[in-house]
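Enquirer: below: sequence and its predicted model.
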Protein chains: 2
Amino acid sequence: MSLATRGKSAESRTPLSRDRVLRAAVKIADEGGIAAVTMRRLAEELGAEAMSLYHHVANKDQVLDGVVDAITAEINQAVGRLALPTRGAAWKEAARQRILTARQVMLRHPWAPAVFASRTTTSTEVLLYYDGLLGIMRDGGFSNDLCHHAMHAFGSRALGFSQELFTPSGGPSTGEPDPVMVAMAARLPHLVGMLAEVVHDDPDATLGWCDDQAEFEFGLDLLLDGLDRRR
Amino acid sequence: MSLATRGKSAESRTPLSRDRVLRAAVKIADEGGIAAVTMRRLAEELGAEAMSLYHHVANKDQVLDGVVDAITAEINQAVGRLALPTRGAAWKEAARQRILTARQVMLRHPWAPAVFASRTTTSTEVLLYYDGLLGIMRDGGFSNDLCHHAMHAFGSRALGFSQELFTPSGGPSTGEPDPVMVAMAARLPHLVGMLAEVVHDDPDATLGWCDDQAEFEFGLDLLLDGLDRRR
DNA sequence: ACCTGAACACCGTTCAAGT
DNA sequence: ACCTGAACACCGTTCAAGT
């Protein structure tokens, strides 16, 4: 047994646990993206062997489920610190702040939306988050039926992110126009016309898809206003 | 060289091509989900070896990019058959039908939304789709600026799907309540209360996430109505 | 030019064996 | 009970060699 190995096992005196595995997964994803989270890399981070992980998580899918839980727990902690009135018309601002707070957590973990999108199982933390949002809407006077529709209408936006299917200009850093679009300009009259008028350089574009703060809030307010009108 | 091998090469007399590869990928995904699309399985479907594919596509990522293009081409063909008035107030119904038509194509390929969500590069067919939607909104009298906000607000909904983060009851087939939720009922008063009132069994739930037609249309109309009001 | 066999560097995961 | 080494069955992809 080499010195290096001995040092490593001394360092990892703290026993493995489901919780340590999940925290390590979040750390690795924050540093190198979700693709960097492999069972072997995870074990390395914890000073153990890949096979040891299987004593604490059933498989990799369960690691990703756990990561969703961990991120949403972070969100629940953040929204728990909010203390806004929720009765009557105040529901809208309370819901708005709750969702924008969730978004701030997501912005710290830009890889997270893709993981959320890939999961199909029910996360207990996600259930708790939605329950809180429902509570705000019930206080606002919404019927259960309308609440139900609203949850579906929000979709992922309730948790602070929305899926953008294309970035209508160059990457977030470069101001260069998209070469694919330049080549097709003749067949995209409305898109080209729009972009000529709307300067779409957004230094803060992030979260994987182009999905900046102002656009997120526009879409969110469209939904909140529409729901408020049907309250 | 065996008879079987000889038969196979005779069958695949038609040479490989990017187009054949992409069509095969869609076929395999339709039959076995997107995970079934591997380079080796793709080659098998085409009566070739995995390595032969690399003469027609750069790598697997490009296969998935091409699949998005292929599905959106199918959508563009379908919406191309629509012939609705678009001027003035008619924009809303035209946009609505365009989006619901896209959704019908997506429903034939339930694995597609996840693939769309995972891509970051610009698909020419997606650009063409959005250009058409923009055209409808311009006819409706929207400014380029408002059009731009609208595209972001729609997000993936413009292409007929939306991400649902949890299914608030059992699976689409079973009427069983979610065991995770039953165990947590005490901490989820609003969720449990809502579901007790709203019978959430939806035999047509599909598209991977619970995202049925009525809920999709509710969310879509919320956006369309809100936009129309700001026109 | 197009196609392929063998090989490489990775995965997630199983199993039998160690302490 | 917890951990691990070796091995298995898969990936995507490279390379040198075939026609």
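Expert: That came in fine, so what should we check first?
Enquirer: tell me which strands and helices the lengthiest helix in chain A is in contact with?
Expert: For chain A, the longest helix by residue count, based on DSSP state H, is helix A:60-80. The contact analysis (3 or more Cβ pairs under 8 Å, 6 or more residues apart in numbering or on different chains; DSSP states H and E) places helix A:60-80 against helix A:18-32, helix A:39-45, helix A:91-108, helix A:112-118, helix A:124-139. All C-beta spots, glycine's among them, are computed from the backbone N, C-alpha and C.
Enquirer: one more time with 7 Å, if that's ok
Expert: Applying 3 or more Cβ pairs under 7 Å, 6 or more residues apart in numbering or on different chains; DSSP states H and E, one finds that helix A:60-80 makes contact with helix A:18-32, helix A:91-108, helix A:112-118, helix A:124-139.
Enquirer: that one close to DNA strand C?
Expert: Yes: using Cβ under 7 Å from any atom of the strand, helix A:60-80 reaches DNA strand C at A:60-61.
Enquirer: list the buried ones in that helix?
Expert: By 16 or more other Cβ atoms under 10 Å in any protein chain shown, the buried positions in helix A:60-80 come out as A:62-76, A:79.
Enquirer: got a list of contacts for that helix?
Expert: Residues outside helix A:60-80 that contact it (Cβ atoms under 7 Å, 6 or more residues apart in numbering or on different chains): A:18, A:21-22, A:25-26, A:39, A:57, A:98, A:101-102, A:105, A:109, A:112, A:115-116, A:119, A:121, A:123-126, A:128-129, A:132.
Enquirer: that one vs DNA strand D: in contact?
Expert: No: applying Cβ under 7 Å from any atom of the strand, one finds helix A:60-80 separated from DNA strand D by no less than 12.8 Å.
Enquirer: and that helix, average pLDDT?
Expert: The pLDDT scores in helix A:60-80 average 97.
Enquirer: just the CA trace of that helix, in PDB.
Expert: Extracted in PDB, the C-alpha atoms of helix A:60-80 (Å, rounded to 0.1, in the frame of the first residue of the first chain):
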ATOM      1  CA  LYS A  60     -26.800   6.300 -11.500                       C
ATOM      2  CA  ASP A  61     -30.400   7.200 -12.200                       C
ATOM      3  CA  GLN A  62     -31.000   7.400  -8.500                       C
ATOM      4  CA  VAL A  63     -28.000   9.800  -8.200                       C
ATOM      5  CA  LEU A  64     -29.600  12.100 -10.700                       C
ATOM      6  CA  ASP A  65     -33.000  11.900  -8.900                       C
ATOM      7  CA  GLY A  66     -31.200  12.800  -5.700                       C
ATOM      8  CA  VAL A  67     -29.500  15.700  -7.400                       C
ATOM      9  CA  VAL A  68     -32.900  17.100  -8.400                       C
ATOM     10  CA  ASP A  69     -33.900  16.700  -4.800                       C
ATOM     11  CA  ALA A  70     -30.800  18.500  -3.500                       C
ATOM     12  CA  ILE A  71     -31.200  21.500  -5.800                       C
ATOM     13  CA  THR A  72     -34.900  21.800  -5.000                       C
ATOM     14  CA  ALA A  73     -34.000  21.600  -1.300                       C
ATOM     15  CA  GLU A  74     -31.700  24.600  -1.900                       C
ATOM     16  CA  ILE A  75     -34.600  26.400  -3.600                       C
ATOM     17  CA  ASN A  76     -37.000  25.500  -0.700                       C
ATOM     18  CA  GLN A  77     -34.600  26.900   1.700                       C
ATOM     19  CA  ALA A  78     -34.300  30.100  -0.200                       C
ATOM     20  CA  VAL A  79     -38.000  30.600  -0.700                       C
ATOM     21  CA  GLY A  80     -38.600  29.800   3.000                       C
END
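Enquirer: who wins for proximity to B:Ala158 among the helices and strands packed on helix A:60-80?
Expert: Closest approach to B:Ala158 among the helices and strands packed on helix A:60-80 (Cβ to Cβ): helix A:112-118, 16.8 Å.
Enquirer: worst-scoring helix or strand of chain A, pLDDT-wise?
Expert: The least trusted helix or strand in chain A, going by mean pLDDT, DSSP states H and E, turns out to be helix A:3-11, with a mean of 38.
Enquirer: do you know how far A:Met137 is from A:Ala94?
Expert: Counting by Cβ to Cβ, to the nearest Å, the separation of A:Met137 from A:Ala94 is 9 Å.
Enquirer: please apply the same query to A:Leu188.
Expert: 41 Å.
Enquirer: ok, A:Thr120 next?
Expert: From A:Thr120 to A:Ala94 the distance is 30 Å (Cβ to Cβ).
Enquirer: equivalent analysis for A:Leu128, please.
Expert: The value you get for A:Leu128 to A:Ala94, if Cβ to Cβ is used, is 16 Å.
Enquirer: so for these two, which residue has more residues nearby?
Expert: Legend: neighbour count by other Cβ atoms under 10 Å in any protein chain shown for A:Leu128 and A:Ala94, higher for A:Ala94 (23 against 19).
Enquirer: who touches that one in this structure?
Expert: A:84-86, A:136.
Enquirer: now with 6 Å, please.
Expert: Taking Cβ atoms under 6 Å, 6 or more residues apart in numbering or on different chains, we find A:Ala94 in contact with A:84, A:86, A:136.
Enquirer: tell me which parts of chain A are close to chain B?
Expert: With the criterion set to Cβ under 6 Å from any Cβ of the partner chain, chain A comes near chain B through A:117, A:122, A:124, A:126-127, A:131, A:134-135, A:138, A:144-145, A:147-149, A:152-153, A:155-156, A:162-166, A:178, A:180, A:184, A:188, A:190-191, A:194, A:197-198, A:215, A:218-219, A:222-223, A:226.
Enquirer: correct me, but A:Gly33 touches A:Ala112?
Expert: No: in this structure, A:Gly33 is not within contact of A:Ala112 by Cβ atoms under 6 Å, at 10.8 Å.
Enquirer: compare these two (neighbour count), which wins?
Expert: Neighbours were counted for A:Gly33 and for A:Ala112 using other Cβ under 10 Å; A:Ala112 has more, 28 against 13.
Enquirer: okay, now the unreliable bits of chain A?
Expert: A:1-13, A:167-176, A:199-211 (pLDDT under 70).
Enquirer: and it, which residues reach DNA strand C?
Expert: Counting by Cβ under 7 Å from any atom of the strand, chain A sits next to DNA strand C at A:37-41, A:50-51, A:54, A:59-61.
Enquirer: report the buried members of those residues.
Expert: Buried among the residues of chain A next to DNA strand C (16+ other Cβ under 10 Å): A:37, A:39, A:41.
Enquirer: list just the nearest of those to DNA strand D.
Expert: A:Met39 (9.9 Å; Cβ to the nearest atom of the strand).
Enquirer: residues contacting the nearest residue to the closest one once chain neighbours are set aside?
Expert: Sequence neighbours aside, A:Ala50 is the residue nearest to A:Met39 in space, at 4.5 Å (criterion: Cβ to Cβ, 6 or more residues apart in numbering or on different chains). By Cβ under 6 Å, 6+ apart, the contact set of A:Ala50 is A:39-40, A:43.
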